[in-house]
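K.L.:
Below is the sequence, then the predicted model.
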Amino acid sequence: MNMQAMMRQAQKLQNDMLKEKQIIDNTTFSGENGLVKVKVNGKKELLEVNIDNSNFDKDDLEMLQDMILIAVNEAFKKVDQMTEEKMGKFSNLTGGLF
């Protein structure tokens, strides 16, 4: 296989990977555990927190849900920062996928 064909194949692979990543990023995932239900997207962003309100005052419940949403998204950002720090050295090899 010549070098030009290898480069085309690598570009196709990179484009395929980016398309799949976009599909994942735009997908909504849900999780449920007893009194708590959450929705996140493929970018690891918490979209929604729902807590069974049978044990909470409505105002307290909304504030708790907002606080959980903010805290989880902050933790996800820290994961992304560390991933970028640790994996950034490989960006030349992967075409900047990390």
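P.N.:
Noted; the coordinates are in hand. Numbering: from 1, shown residues only.
K.L.:
Please count neighbours and contacts with C-alpha atoms only from this point.
P.N.:
Will do.
K.L.:
what is the mean pLDDT for the helix or strand harbouring Ser30?
P.N.:
Assigning secondary structure by DSSP states H and E places Ser30 in strand 28-33. On average, the pLDDT along strand 28-33 is 89.
K.L.:
can I get the CA coordinates of that strand in CSV?
P.N.:
In CSV, the C-alpha atoms belonging to strand 28-33 read as follows (Å, rounded to 0.1, in the frame of the first residue of the first chain):
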residue,chain,number,x,y,z
THR,A,28,-29.4,11.6,25.7
PHE,A,29,-28.8,8.9,28.3
SER,A,30,-30.8,8.4,31.4
GLY,A,31,-30.1,6.7,34.7
GLU,A,32,-32.4,5.9,37.6
ASN,A,33,-31.8,4.7,41.1
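K.L.:
And the contacts of that strand?
P.N.:
Strand 28-33 is touched from outside by Lys37, Val38, Lys39, Val40, Asn41, Gly42, with contacts defined as CA atoms under 8 Å, 6 or more residues apart in numbering.
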